[in-house]
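Colleague: predicted coordinates and the sequence they were generated for:
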Amino acid sequence: MIVLRGGLVHDPASGLNGTKGDIWFQDGRIIPPPEKPEEITEINAQGLIIAPGAIEIHSHIAGVQAALSARLRSQVFSPQPGLMLPPDEIASAYLSMGYTTLFEAAMPPLLAARAHADFHSMPVVDCGAFTLVSDQACIRAALAHRDNQELQQALAWLLYKTGGFAPKLVNPGIGTAWKSGLTIETVCDPTGPGGLTQAETIHRLATAAHALGLPHPVHLHAGNLGRPGSYLNLIETARALQGLPAHLCHIQFYTYARAETGPMRSAAGEVADAFAALPNLTCDLGQVIFGPAMVITADLQAVSWLQHSGKSAHAALLLEGEGGLGAFPLEYRSQDPVNAVQWAVGLELILRFPDPARLFLTTDYPNGGPFSAYPMILELLMDRSARRQALQRVHPAASTLTGLASLDRELTLSEVFAMTTSGPAAALGLADRGHLRPGARADIRCYRPQENLQAMFTTPAMVFKDGEMVVREGNILSSHAGRTLLVEPAREPAMEKTFTAMLKNETTVHPDTYGGQPVGETEVIPCR
Amino acid sequence: MVLEDGQPAALQPKCAAGLAGYQGYFQTRLTQKNGLKLLDSRLHQARRILAESGSSIGLPLVLIADDISLADQLAAVRLAKKINACTDTSAGLHAGWLPGVIATLGLHTCTLGDLRQRTDCVLLWDVDPQTSHPRFNSRFLPTDPSTRLILSNTPCPPGRKRAALTLPSNADPFETLALLSLGLDDASRAPRAFVPILSALHQSRFGVLVFGESVSRLGSPLLSALLQLTKRLREKQAARWSVIYLAPDGGSLFSGDVLASNCGYPAAVRFSPAGMEYSPPDFAASALLERHETSLVICAGSPGWLPVITRKHLAKTACIQVGGLARSIPNSLHLPAALPGVDGSGVRLRLDGVPIPVQPIHASGLPSIAELLDNLVEGILP
């Protein structure tokens, strides 16, 4: 039995905002203060800020695409610090910042085994992956048949075959369309299977995921990423869900409007207003960080468009029976007007957003830059003078084409913890994470309060995972592999024969060896 | 008989011979009982060498072969980090400059299923899937000849029906490629023999260039020229051209034959690497060994892919070889290990990068390469 004594507890889910108290835990779980405590290990947390372990909801941390881009970065370009690390270093870097649960943002079914091998080499942290489903052959066939039951079963079967946690939709239909020489410009384009529009495709998949009772709904990457005017498509995509729950990822990359002068202007106000009226949705940010980055995406149209804009070398892998993957390096420059607007839009969006428990901090690593920049972003969000100083150092477009300079809001600690703990936990359906109530996993981070917020968030004094102290003053104390988080929606064995036959026809891989399964310990997160 | 990925199947004659050789190897040199004893003693020796190398000058180097499993490759990287070693997987064609060249030119690679599903034109260059990859031959051949055209730069042997169109076989390859490029701009300037080929290329929307290892042996300029042609087709025709590299049978390891059978590749497809590569190119094995900058080499798997000159340098350096064939590096300390798909389970990557879980078909009792490497890591003081 361990007690963290005398800390300032921040637990947004319990309404605790710096309340002085003790946290008790035993066998990896938080327990109520015992009436007759026995064999207590007491840890002095006097004056420390105590919060639940942070949860990363969208990051490209494992799998073939990460290896592909690492190779591209190391062989075609110079290696860059903090970018394209091997999986164990990624996990260690997250852990040392207080992150205890990570989610891989896009796992292609054909290459799922590679992602699971990477998870197994990650120390301590629990991992899960979102399976790319929207261009997979069985899913497309079910969509074309307009058979909701078949679609549900195809989703359940695909999550089972790949060891996935939730369905990932990437500009739905773009993989197949792009391979056929087509593009998708709006959600009304009839490029889906069976003549479905993209909006209908999204709605059907979200309906199927909801009917399965998955803990995390569809994880959706909208179309027209990175283009001026893309905010309209983002809002149309959000409305296409018709009130169904969903998570929209890296929305900063869509919060751009066309400008009369200049490359584009911020649409943070329009997006924040639209999302205020859509409580069924959660989002993550995709903040841009100045410096080198690497685009990794399954949105082949975006790869093609962005690569042509930047003229950089890129790697692309087309995958049978589904879409494909692309990767190319880029650099965000503080004196580039477009990049400056992107940087400011991210900060503006989060400061304007109605509810910090529905918009989570990410850089869409490595697309927006390294996740190690989170402490720097938090400082800018919590300290308006630091933000204004930073604005002075970037291209004036960040001030003239966005509303960031006019915003006085400073996020509180409670809001910061809501968007990194209780918010993502609720969005992911992780009932025993993201809070410090009895029964929760004892995933805890402790900070030493200091004026330098960036330094504070960079190096927690202590991090606990399942009640074990795994980090102390930035040093990692444990190396055992964490768990892989899975779901087990109800499946009908009779339908599996259909999918197996389809797979056999569509791919050169035997159905028995298709996908991938976790290598080590797993935890099944129950469906609703 | 239909052979499937990852599914043990009746052994082909060539593969049965391979398995017999593999079993014979352990029965004559390292029987299960004596072999494991010997392995223990060698493991002890290896730990001592590693401990002693800590005080010596020079960079340790970890070589990662391209025919070992994902777990083995990840374990090799763990060991490299523990001893602050350089890693190198870049000497092989797959792992080396090829992805870089393809990326620099903005080309796409694709998986084998794409050939069957949506390709309307296949350009075979110095590769004959009918003989080197019979399992995949059906992917190239169209069920309806009007839907897919096969172009080839090599003449079809008598009695075989493969390419619908064949490029002039006795011409200089650079000249052929130059004439094709010229013809793409202006068909009237190309030789008459090229006209049907150019017409096919012009009409193609979803083409795939398939090339073999011999192209790389001729040197990178030819491959670059071939890839440039593909790039021109993509840009000029607005077509979705991509490339596949079909390596021939690795052949260096008889267990490869067994694995080939186990995984359903009768004439063998070499398995590609996992893509682990974190050292800058300046620290490639060939450069480090040539400059005598490395004091200890740990090789995970057989270094069959290394150039001869590099292997000569390697023979003069202290070396621990974990897994792979014994004596493939002279004077090395060899720790025999199980191979996924032969006497161990695991995940190996197909030539187009698709991971294939494999099961053992033979019980040798040997630990995997990953287990041995992790054992070495544990023996190193923090």
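Modeller: Received the coordinates, thanks.
Colleague: tell me the secondary structure at the residue of the stretch 251-400 of chain A found nearest chain B.
Modeller: The nearest approach of the stretch 251-400 of chain A to chain B comes at A:E320, 2.5 Å away (Cβ to the nearest Cβ). For glycine as for every other residue, the C-beta is placed from the backbone atoms N, C-alpha and C. Secondary structure, DSSP: H, G, I helix; E, B strand; the rest coil: A:E320 is coil.
Colleague: quick one: the residue nearest to it when sequence neighbours are not counted from A:L300, how far?
Modeller: Once flanking residues are discounted, A:E320 sits nearest to B:G113: 2.5 Å by Cβ to Cβ, 6 or more residues apart in numbering or on different chains. Using Cβ to Cβ, to the nearest Å, B:G113 is found at 16 Å from A:L300.
Colleague: same for whichever strand or helix holds B:R48, what does it pack against?
Modeller: Using DSSP states H and E, B:R48 falls within helix B:32-53. The contact analysis (3 or more Cβ pairs under 8 Å, 6 or more residues apart in numbering or on different chains; DSSP states H and E) places helix B:32-53 against strand B:294-300, strand B:318-322, strand B:333-335, helix B:369-379.
Colleague: which SSE is immediately downstream of the helix or strand of chain A with the lowest mean pLDDT?
Modeller: Within chain A, confidence by mean pLDDT, DSSP states H and E is lowest for helix A:64-75 among all helices and strands, at a mean of 70. As assigned by DSSP H and E, the chain's next helix or strand after helix A:64-75 is helix A:87-96.
Colleague: circling back to that earlier point, contacts for the helix holding B:R48, please.
Modeller: With contact meaning Cβ atoms under 8 Å, 6 or more residues apart in numbering or on different chains, helix B:32-53 is reached by B:26, B:29-30, B:60, B:83, B:295-296, B:318, B:320, B:333-336, B:364-367, B:372, B:375-376, B:379-381.
Colleague: quick one: buried ones out of the residues you listed?
Modeller: B:26, B:30, B:60, B:83, B:296, B:318, B:320, B:333-336, B:364, B:366-367, B:372, B:375-376 (16 or more other Cβ atoms under 10 Å in any protein chain shown).
Colleague: could you pick out which of the residues you listed are near chain A?
Modeller: Among these, no residue lies close to chain A (Cβ under 8 Å from any Cβ of the partner chain).
Colleague: where does the stretch 101-250 of chain A get nearest to chain B, residue-wise?
Modeller: A:A113 (3.7 Å).
Colleague: host element of that residue?
Modeller: With DSSP H and E as the criterion, A:A113 is inside helix A:112-120.
Colleague: send me the next helix or strand after that helix as CSV with only the CA atoms.
Modeller: Following helix A:112-120 in sequence order, the next helix or strand is strand A:126-132 (DSSP H and E). The C-alpha coordinates for strand A:126-132 follow below in CSV (Å, rounded to 0.1, in the frame of the first residue of the first chain):
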residue,chain,number,x,y,z
ASP,A,126,0.1,1.1,-22.5
CYS,A,127,-0.6,1.3,-26.3
GLY,A,128,-3.5,1.0,-28.6
ALA,A,129,-3.9,1.5,-32.4
PHE,A,130,-6.6,2.8,-34.7
THR,A,131,-7.1,0.4,-37.6
LEU,A,132,-7.4,2.0,-41.0
